[in-house]
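> requesting a structural model of the entry that follows:
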Amino acid sequence: MRKKTGKAMDGDLARDGGSSSRIHGSIARTLGVAIVSGQYAPGDILNNEIDASEQLKVSRSAYREAIRILAAKGLVESRPKTGTRVSPRHRWSLLDPEVLAWLFESEPTEDFLKGLFELRMIVEPAAAALAAERRDDALLERMRKALIQMEHETLATEAGQAADRDFHDAVLEATGNAPLFTLSSGIGAAVRWTTIFKQRKRELPRDPMPDHWKVFDAIAAGRPDQARLAMERLVGLALEDTRASLAHQD
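Next comes the predicted model:
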């Protein structure tokens, strides 16, 4: 068991800056990146509130709120007398959009990337099939507009990436399955960060639009089996692109 001082994070927090209304978010991000990157290991005990706030040059209330944010995401747990301890990895909310952002900021492992795509392969093809069975005109139009926006902006831009997320989000919503739709923020974050990750060192190796349009066309035509297969191909090719990006980095 190690007790961490937090000194290595001072520079990161200073660069974050921000008003008093945002400072606890900056602290949470700094600590969160340190945890998911392994700077803090599961079982490590963070400095107490007084020492940590002094070292980070923030108020105790701001530090306390940051710890609450991390606890809500499963990264830490605070107990009387024992202090704030980094939680085991299996308790982390890995699909939380902020946790995903921190993981990608700290360079995700190949196993983690593979796990994200396995999740997408389980969820999204089945969702596409349900969307084809229960298609809704308003959501079909939303998908279509998202794809047009993707084509216009390209996935190299934030606007294009947002349109991509909106397309996948609309597919989940079109299932009409409320519990399934609760996964949309996590799936959307996974789509966003893997897209950014695989083009950090080079341009995307292929045009992803034809495969997106095949998913849309199958859903719009009310063909569940074709929609499932088209989404399986889309996710599978995205995984291949990500693996190619990893190999290119090496």
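
> and the helix or strand hosting Ile50, which residues are buried?
Ile50 belongs to helix 49-56 when assigned by DSSP states H and E. By 16 or more other CB atoms under 10 Å, the buried positions in helix 49-56 come out as Glu49, Ala52, Ser53, Gln55, Leu56. C-beta coordinates here come from the backbone N, C-alpha and C atoms, glycine included.

> which parts of the protein are helices?
10-16, 23-36, 49-56, 60-72, 97-105, 110-133, 137-153, 158-173, 178-181, 184-198, 209-220, 224-249 (DSSP state H).

> enumerate the positions of the last one that are buried.
Think helix 224-249. Those would be 224, 226-232, 234-235, 238-239, 241-242, 245-246, for helix 224-249 by 16+ other CB under 10 Å.

> before we move on, the earlier item: now the helix holding Ile50 and helix 23-36, what's the angle there?
Counting by axes from the mean of the first three to the mean of the last three CA atoms, to 10 degrees, helix 49-56 points 90 degrees away from the direction of helix 23-36.

> what packs against helix 49-56?
On a contact count with 3 or more CB pairs under 8 Å, 6 or more residues apart in numbering; DSSP states H and E, helix 49-56 meets helix 10-16, helix 60-72.

> lowest-confidence stretch among those helices?
Lowest mean pLDDT within the helices and strands packed on helix 49-56: helix 10-16, a mean of 48.

> so what does the residue of the chain most remote from its centre look like in phi/psi?
The C-alpha centroid of the chain is most remote from Lys81, which lies 33.8 Å away (CA atoms, centre = their mean). Torsion angles at Lys81 (phi, psi; degrees, to the nearest 10) stand at phi 80, psi -40.

> make 23 the starting number, not 1.
Fine by me, first position is 23 from now on; the one you just mentioned is Lys103.

> roughly how far apart are it and Asn70?
Counting by CB to CB, to the nearest Å, the separation of Lys103 from Asn70 is 11 Å.
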